[in-house]
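Enquirer: fold the stuff below for me.
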Amino acid sequence: MAAEPGARERRICGAGAVMPVDLVALMLAHVEDDSDPGGSVQYMLRCPLEGHGSGPHHALTWVLDDPREGEVWAQWDDGRDPHGFLVLPDCNTLNRGAPGATEEACGLFARHPGGHSFEFADPVREAFERSPQYRRVMAAVDEGTRRAEPDPPDHATGRQGPPQGWAPPA
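Expert: Here you go, the predicted structure:
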């Protein structure tokens, strides 16, 4: 996201924290959900709100099976461990009509402070997306997607799949 010339670029807060084990156990005991949360709970937290000078930080910790129920968010203050969690409804704002953007939903919770997630930059994510590692991962994903798509029909025979006699490279 490029800022207007002379304007300060809006960025995410990015404050980090680690979810304490006792808070994870408390969260799992109080959230009724049929999914297997063991591998789904985010323990390494990073505040995705627009940069803010005061107020609590939040981070998405668990995506519930039914999005109508909201999502589980951890909450903490500067210099402290997360001290609670909240089940908050999703922000349903879309960036319709934003210049140069595809339609994207805000990734934050309803009534969050600051701007919507598509209105400000995440320099860590942007740096990662510019990295050679990211390009390699995305190339592998693209290759895997192409392999998963059905082959076009062979126009000579009308059958689906690679041409007769074709073999993958050794």
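
Enquirer: got the contact list for the residue nearest to the spatial centre of the chain?
Expert: Nearest to the geometric centre of the chain sits residue 107, at 7.3 Å (C-alpha atoms, centre = their mean). By C-beta atoms under 8 Å, 6 or more residues apart in numbering, residue 107 lies in contact with 48, 60, 91, 117, 118. (Each C-beta comes from the backbone N, C-alpha and C, glycine too.)

Enquirer: the last one contacts residue 95, correct?
Expert: Yes - counting by C-beta atoms under 8 Å, residue 118 touches residue 95, with 4.4 Å between them.

Enquirer: most neighbours, which of the contacts of residue 107?
Expert: Neighbour tally across those (other C-beta atoms under 10 Å): the maximum, 22 neighbours, falls on residue 48.

Enquirer: any idea how far residue 58 is from the residue nearest to the centre of the chain?
Expert: For residue 107, the distance to residue 58 equals 12 Å [C-beta to C-beta, to the nearest Å].

Enquirer: again, but for residue 10
Expert: 17 Å.

Enquirer: more neighbours: which of these two?
Expert: Applying other C-beta under 10 Å to residue 10 and residue 58 shows that residue 58 carries more neighbours, namely 24 against 14.

Enquirer: that older thread, closest to residue 79 among the contacts of residue 107?
Expert: Within the contacts of residue 107, the smallest distance to residue 79 is 19.1 Å, found for residue 48 (C-beta to C-beta).

Enquirer: the closest one and residue 61 touch, don't they?
Expert: No - the pair residue 48 and residue 61 fails to qualify as a contact (C-beta under 8 Å) at a distance of 11.7 Å.

Enquirer: just the helices in the chain please.
Expert: Assigned by DSSP state H, the chain shows helices spanning 21-30, 123-129, 132-148.
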